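Enquirer: Just need the structure, nothing else, for what follows:
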Amino acid sequence: MDLLPSIAIGTALGMLSGLLSGLVGVGGGVVIIPVLVFLLGYSQHLAQGTALLAFSLPVFGLAAWNYYKYKRVNWIIALGVSAGIALASFFVAEWVQTLKNEVLTKIFGAFLILIAVWQFWRAGHKLSGPTSQKLPSRTSQFLIGLGVGLLTGALKGLTGLGGGVIIVPFLILLAKLDQHTAQGTSLLSMTLPVSLITVIPYWQHENVEVPVGLSLAVGIAIGSTLSARFAQKIAGPNLARIFSVVVGIMGVVILVR
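Expert: Numbers count the residues shown, from 1 in each chain. Predicted coordinates for the structure are as follows:
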C-alpha cells in the first residue's frame, strides 16, 4: 500500500485505539497490531515495532496531566515502573528479533486470548485496594513500581503490548492504590519516554515503519483526549465484555491461521 493511504489508515486506527483505551481499559496495541498485520500486510515484527514507536511517544501526556491536577498520580511508583520498563523491554525486544515471525505471531495470538479472558472477568469485578491502610515507604513504593515495570517491560518487548492492562491491577493489589490513582500513575509511567528503548532493537532490524508510527501517535493522542470526555457516558461492563470477545476471536484467528 502507498505511503499516504497507510498514514491515513494509521491516523484513523490511532484514533480508534485511543478511544477504546479510554472506554474499555484495554491497551491500543490490542487493536493496532492485528490491523497492521491483516489490513496493511505487515509482518508481526514490523507491526509490533511500529506500534511500539507510537506508544513510546507522550501520547497520553494530557490524560496524565489531568490525573496529576487532581492529585491522582504517585510519581515515585511511576518512576519505578518506568525504570522497570526500560530495563526489561530492551533486552526482551532484542531477543524477540531472533524469533521466527510465525513463532512471534503465535505468542501474540495467545497473549490476546489471555487479555480477552482477563478483560471479560474484570468488566464485572472492580478491583479495589485497601486505601485506608498507610502506603509503604517511598523505597518500598519504588521497588514495587520497579517490579511491575519489569513485568510490563518484558511483555511489551515480547508482544508490543503491555501497558495499563497490566500495570493498573498490580498497582491496586501490590501498592494499595485506589483505582483512579493507579490509572493516573500508569498513564504517567507510560508517558515518560523510556519505551523508546524498546523500539531500538526493532529499529536496528528495520522493523519500524516511522511515518505510520507517527500517524498512529497523532491519532492516539486525539482519540484518548476524546475518550476522556465521553468515557463516563458510554463505557460500561457490557461494552468491555463485547470488546473482550472481539479481542479473543482475533487471538484465535491469529493462532489458527
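Enquirer: Can you list the low-confidence ranges for this structure?
Expert: For the chain, the stretches with pLDDT under 70 are 1, 21-27, 126-133, 162, 228-237, 239-240.
Enquirer: Can you read off the backbone torsions of residue 97?
Expert: phi -60, psi -20 (degrees, to the nearest 10).
Enquirer: hang on, it packs against residue 45?
Expert: Yes. Look at residue 97 against residue 45 with C-beta atoms under 8 Å: they come within range, at 7.1 Å. In short, each C-beta sits where N, CA and C put it, glycine included.
Enquirer: got any residues that touch both of those two?
Expert: 202, 205, 207 (C-beta atoms under 8 Å, 6 or more residues apart in numbering).
Enquirer: Contact partners for residue 157?
Expert: 88-96, 198, 201 are the contacts of residue 157 under C-beta under 8 Å, 6+ apart.
Enquirer: Does it lie in a helix or a strand, and which?
Expert: Per DSSP states H and E: residue 157 is located in helix 138-159.
Enquirer: Helices of this protein, start to end?
Expert: 3-24, 29-38, 44-56, 61-69, 75-96, 101-122, 138-159, 164-174, 179-191, 196-204, 210-234, 237-256 (DSSP state H).
Enquirer: Output the contacting helices and strands for the last one.
Expert: Here helix 237-256 is seen to pack against helix 3-24, helix 29-38, helix 101-122 when contacts are counted using 3 or more C-beta pairs under 8 Å, 6 or more residues apart in numbering; DSSP states H and E.
Enquirer: Please apply the same query to the fourth one.
Expert: For helix 61-69, the packing partners by 3+ C-beta pairs under 8 Å, 6+ apart come out as helix 179-191, helix 210-234.
Enquirer: Need the winner for burial among the ones you listed.
Expert: When those are scored by mean count of other C-beta atoms under 10 Å, the highest mean neighbour count falls to helix 179-191 (a mean of 25).
Enquirer: now it, how far from the chain's geometric center?
Expert: Centre-to-centre, helix 179-191 and its host chain are 12 Å apart (C-alpha atoms, centre = their mean, to the nearest Å).
Enquirer: got a list of what the residue most central in space within the chain touches?
Expert: The structure's the chain has its C-alpha centroid closest to residue 163; by C-alpha atoms, centre = their mean the separation is 3.2 Å. Residue 163 makes contacts with 27, 29, 55, 152, 156, 186, 190, as judged by C-beta under 8 Å, 6+ apart.
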